[in-house]
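Engineer: Just the structure for this:
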Amino acid sequence: MGSMKLTFISNYMNHHQKPFCDACYRALGQDFAFIQTMPVAADRQALGWAASFDSLPYLHLYYETEAGCRRLLEESDIILLGWLGGADFNALEEEILAPSLRTDAPRPVLRLSERIYKTGQWKAVSPRGLAAKKRQHLRYRHAPVYLLCQGAYVASDYSLIGAYPGKMFRWGYFPEISGNTADSIPNGPEADGGQRRLIWAGRMIPWKHPEYPIRLAATLQARGFDFHLTMVGDGRLRGELEQETASSSLSSLVTFTGALPPAEVRSQLAQAQIGLFTSNYLEGWGAVVNEMMESGLAVLASSEAGAVPCLIRNGINGLTYDRGDYHQFEEAACALMAADPERLRGYGCHARETIQQVWNGPAAARELLRVCDELMAGKEPTPAPGDGPMSLPERLTPPGFLRSLHENHTAEGL
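Structural biologist: Residues are numbered from 1 along each chain as shown. Coordinates of the predicted model:
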């Protein structure tokens with residue numbers, strides 16, 4: 001690997017970026033930096049997020065040492081440009097991208113992005129907002145500005161406006177991997193006298209559909225399944241869900257843990273067999289899917305979330321359901337409950353292999369740094385083989401595209 005100064009700038013460090021950044025620092029040493037533009041949100045500070053990052057040798061706080069951070073950006077050979085925090089940082093984003101438009105020795109920039117049309121691709125043909133998207137992205141069509149797609153539907157969104165042609169790569173989020181082997185996949189139900197242990201984790205807000213597992217619990221009870229469901233997280237729907245659990249006589253079968261620090265979430269996952277992930281199209285990625293898979297769970301996940309088509313091969317390393325359809329979710333969940341223990345272990349083993357061999361921070365860093373070396377040598381970057389980080393993305397049509405077009409076409413007078 002040649003000499004290169006690489007700087008990653010984004011709103012703040014988190015547990016889903018750190019393993020990738022650690023790997024970059026191991027490879028580049030002081031030539032790698034992460035610039036954090038905003039303080040960590042208060043609710044996440046309460047869970048120990050900020051304190052756990054204080055000692056990172058490559059972390060620089062823009063809001064405390066702006067001059068030093070600007071100097072790092074100026075001296076960098078390549079920039080990884082994440083979301084900086086909104087309109088307040090538009091001028092800074094312009095400054096970062098400007099050197100890529102130079103005719104002599106333009107500086108490469110790798111932009112990270114989730115979907116730009118989460119609420120419906122119908123917006124891509126709306127005059128309102130389209131001009132702004134073109135200003136933000138189309139002027140870099142012929143510059144060394146590349147797009148790292150953080151989700152399966154990102155390439156489709158950007159292709160609608162003709163941005164980054166031939167310059168998009170698969171990307172995502174990369175939580176810590178435990179290093180556990182397939183031999184340590186959670187025990188089958190026979191270890192608990194036949195009981196199956198399910199888990200859901202996330203913020204309890206409408207578009208993550210935490211009500212689905214509670215409805216499922218009532219169905220499983222009615223059908224005579226022996227199970228226990230753990231609900232990890234907090235949010236404005238929690239009280240309502242706890243009340244529904246009690247009124248449905250499910251309290252002995254469902255545990256609400258509240259919000260937990262990341263290490264405790266992983267501990268809860270390690271005690272389960274089946275992971276439930278129910279977010280809809282507003283979930284750009286969904287790093288808890290990575291965590292459930294790496295924990296060796298048989299995961300049932302909504303295909304509307306960005307991570308799911310990237311990580312799960314339906315029927316091989318997990319199961320998926322479409323269109324946010326509860327009945328499809330329930331049917332697949334009941335099939336998992338009825339499956340023999342070896343099938344659950346098979347899903348879990350293949351899920352763990354997917355994360356440990358392909359979708360993890362060190363693997364992502366290795367492929368990205370290879371691409372950076374090619375850019376530094378003046379070459380066009382070569383996509384990674386397969387379907388992991390830095391491979392060529394498919395242009396998948398988001399689930400519900402026609403539905404959202406029908407529901408929203410009158411909103412802009414189309």
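Engineer: Going by C-alpha atoms from here, please, whenever you check contacts or count neighbours.
Structural biologist: Fine.
Engineer: quick one: the strands in the stretch 151-300 of the chain?
Structural biologist: Here the stretch 151-300 of the chain has its strands, by DSSP state E, counting those that start in this stretch, at 168-171, 196-201, 227-232, 254-258, 274-277, 298-302.
Engineer: who does the second one touch, helix- and strand-wise?
Structural biologist: Using 3 or more CA pairs under 8 Å, 6 or more residues apart in numbering; DSSP states H and E as the contact criterion, the neighbours of strand 196-201 among helices and strands are strand 227-232, strand 274-277.
Engineer: Gly151: which of the strands of the stretch 151-300 of the chain is closest?
Structural biologist: strand 168-171 (7.0 Å; CA to CA).
Engineer: Contacts for the closest one, please.
Structural biologist: For strand 168-171, the external contacting residues (CA atoms under 8 Å, 6 or more residues apart in numbering) are 112, 146-152, 155, 383, 387-393.
Engineer: So, low pLDDT: which residues of the stretch 301-414 of the chain?
Structural biologist: Applying pLDDT under 70 to the stretch 301-414 of the chain flags the ranges 400-414.
Engineer: that older thread, out of the helices and strands packed on strand 196-201, flag the one nearest Ala259.
Structural biologist: strand 227-232 (6.3 Å).
Engineer: neighbouring strands for that closest one, and are they parallel or not?
Structural biologist: Sheet pairing of strand 227-232 (DSSP bridges) gives strand 196-201 (parallel), strand 254-258 (parallel).
Engineer: residues in contact with the shortest one?
Structural biologist: Same thing as strand 254-258. The contact list for strand 254-258 (CA under 8 Å, 6+ apart) reads Ala217, His228, Leu229, Thr230, Met231, Val232, Gly233, Asp234, Glu242, Thr245.
Engineer: ok, now which ones touch Ala33?
Structural biologist: For Ala33, the residues meeting the contact criterion (CA under 8 Å, 6+ apart) are Leu6, Thr7, Phe8, Tyr25, Tyr58, Leu59, His60, Leu72.
Engineer: 7 Å instead, please
Structural biologist: Contact analysis of Ala33 by CA atoms under 7 Å, 6 or more residues apart in numbering lists Leu6, Thr7, Phe8, Tyr58, Leu59.
Engineer: now those residues as a markdown table including secondary structure, neighbour count and pLDDT?
Structural biologist: Formatted as a markdown table, the contacts of Ala33 follow (DSSP: H, G, I helix; E, B strand; the rest coil; neighbours: other CA atoms under 10 Å; pLDDT from 0 to 100):
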| residue | secondary structure | neighbour count | pLDDT |
| --- | --- | --- | --- |
| Leu6 | strand | 25 | 98 |
| Thr7 | strand | 25 | 98 |
| Phe8 | strand | 23 | 98 |
| Tyr58 | coil | 18 | 98 |
| Leu59 | strand | 19 | 97 |
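Engineer: In contact with the nearest residue to Leu297 once chain neighbours are set aside, which residues are there?
Structural biologist: The spatially closest residue to Leu297, leaving aside those adjacent along the chain, is Gly348, at 4.6 Å (CA to CA, 6 or more residues apart in numbering). By CA under 7 Å, 6+ apart, the contact set of Gly348 is Ile185, Met293, Gly296, Leu297, Ala298, Asn317.
Engineer: Neighbour count and distance to Ala335 added to these, as JSON lines?
Structural biologist: Listed next are the contacts of Gly348 as JSON lines, based on neighbours: other CA atoms under 10 Å; distance: CA to CA, whole Å:
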{"residue": "Ile185", "neighbour count": "23", "distance to Ala335": "20"}
{"residue": "Met293", "neighbour count": "28", "distance to Ala335": "18"}
{"residue": "Gly296", "neighbour count": "33", "distance to Ala335": "18"}
{"residue": "Leu297", "neighbour count": "33", "distance to Ala335": "15"}
{"residue": "Ala298", "neighbour count": "30", "distance to Ala335": "12"}
{"residue": "Asn317", "neighbour count": "25", "distance to Ala335": "15"}
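Engineer: Serialize those residues to a markdown table and add fields for distance to Ala338.
Structural biologist: Shown next, in a markdown table, are those (distance: CA to CA, whole Å):
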| residue | distance to Ala338 |
| --- | --- |
| Ile185 | 19 |
| Met293 | 20 |
| Gly296 | 18 |
| Leu297 | 15 |
| Ala298 | 13 |
| Asn317 | 17 |
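Engineer: returning to what we had before: Met13: which of the helices and strands packed on strand 196-201 is closest?
Structural biologist: Of all the helices and strands packed on strand 196-201, strand 227-232 sits nearest to Met13, with 22.3 Å by CA to CA.
Engineer: Tell me if I'm right that Tyr62 and Phe34 touch.
Structural biologist: No - counting by CA atoms under 7 Å, Tyr62 stays clear of Phe34, with 9.8 Å between them.
Engineer: Tell me which stretches of the stretch 101-250 of the chain form helices.
Structural biologist: Per DSSP state H, counting those that start in this stretch, the stretch 101-250 of the chain carries helices over the ranges 127-137, 154-160, 211-222, 238-247.
Engineer: which one of those has the lowest average pLDDT?
Structural biologist: For the helices of the stretch 101-250 of the chain, mean pLDDT drops lowest on helix 127-137, to a mean of 77.
Engineer: contacting residues around the closest residue to Ser391 other than its chain neighbours?
Structural biologist: Nearest residue to Ser391 in three dimensions, chain neighbours excluded: Ala384, at 4.3 Å (CA to CA, 6+ apart). Contacts for Ala384 (CA under 7 Å, 6+ apart) come out as Glu367, Met390, Ser391.
Engineer: okay, now the domains of this structure?
Structural biologist: 6-174+360-408, 182-357 (automatic domain parsing).
Engineer: Point out the most buried one among those.
Structural biologist: Among the domains of the chain, domain 182-357 has the highest mean neighbour count (mean count of other CA atoms under 10 Å), at a mean of 20.
Engineer: circling back: want to try JSON lines for the strands paired with strand 227-232, with mean pLDDT as columns?
Structural biologist: Listed next are the strands paired with strand 227-232 as JSON lines, based on pLDDT from 0 to 100:
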{"stretch": "strand 196-201", "mean pLDDT": "98"}
{"stretch": "strand 254-258", "mean pLDDT": "98"}
